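Novice: When you get a sec, could you give me coordinates for this:
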Amino acid sequence: MTPALDLSLQFGDFPGAAAHRAVLRAARVKQWIGMALAHPAEIAVRIVGADEGQALNREYRRKDYATNVLTFDYTRDPVVAADLVLCAPVVEREAKEQGKTLEAHYAHLLVHGTLHAQGYDHETGERDALEMEALEILLLAVLGYPNPY
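Specialist: Next up is the predicted model:
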């Protein structure tokens, strides 16, 4: 049984936002996030343009470029509370470069961000990275998507 999920889905104002809205229907986003949840959650997903993505990455990670997904995790127990910010132009560019559909890449990044919100971290060592990657591959397969790596 999938844990309860209170989802807020938000879109910034950026060129091409309509194409991203079409892919990111709330029910689909809930399914992708829900697949990766181990506990009930309150998660806000915000889809942003390059300027907002770069500003957030600069402010919170001290990296002056837009990245694909930022995870802001606030609590993990008893309820996962987090914000996931995805930069639409970066996601779209990466999907093209990797030969993936926009849908498949968003599914992967939302699963990835949800795992981060629950304490998974691929930057803490090779073992942790392999564990997180294997879990992502498994969850995406259950959702019907190919190995994202």
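Novice: Can you name the residues that contact the residue nearest the centre of the chain?
Specialist: Centroid-nearest residue in the chain: Leu110, 2.5 Å away (criterion: C-alpha atoms, centre = their mean). Counting by C-beta atoms under 8 Å, 6 or more residues apart in numbering, Leu110 touches 29, 32-33, 36, 45, 69, 84, 86. To be clear about C-beta, it is placed using only N, CA and C from the backbone, and glycine gets the same treatment.
Novice: mind putting these in a markdown table, pLDDT, distance to Lys63 and secondary structure included?
Specialist: Shown next, in a markdown table, are the contacts of Leu110 (pLDDT from 0 to 100; distance: C-beta to C-beta, whole Å; DSSP: H, G, I helix; E, B strand; the rest coil):
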| residue | pLDDT | distance to Lys63 | secondary structure |
| --- | --- | --- | --- |
| Val29 | 98 | 26 | helix |
| Trp32 | 97 | 25 | helix |
| Ile33 | 97 | 25 | helix |
| Ala36 | 96 | 24 | helix |
| Val45 | 98 | 21 | strand |
| Val69 | 97 | 13 | strand |
| Leu84 | 98 | 17 | strand |
| Leu86 | 98 | 16 | strand |
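Novice: Can you tell me which of the residues you listed is nearest Arg58?
Specialist: Nearest to Arg58 among those is Val69, at 15.5 Å by C-beta to C-beta.
Novice: my guess is that closest one contacts His112, does it?
Specialist: Yes: between Val69 and His112 there is a contact under C-beta atoms under 8 Å: 6.3 Å.
Novice: So, low pLDDT: which residues of this structure?
Specialist: Across the chain, the ranges flagged by pLDDT under 70 are 1.
Novice: any chance you could map the helices in it?
Specialist: Ranges of helices within the chain are 17-23, 26-36, 50-61, 88-97, 102-117, 126-142, based on DSSP state H.
Novice: Arg76: neighbour count?
Specialist: When neighbours are defined as other C-beta atoms under 10 Å, Arg76 has 15 of them.
Novice: residue contacts, it?
Specialist: Contact partners of Arg76, counting by C-beta under 8 Å, 6+ apart, are 39, 117-119.
Novice: Most neighbours among the residues you listed, which one is it?
Specialist: Ranking the contacts of Arg76 using other C-beta under 10 Å puts Ala117 first, with 24 neighbours.
Novice: quick one: Lys63 and Tyr145, what's the gap?
Specialist: Noted for Lys63: a distance of 28 Å to Tyr145, by C-beta to C-beta, to the nearest Å.
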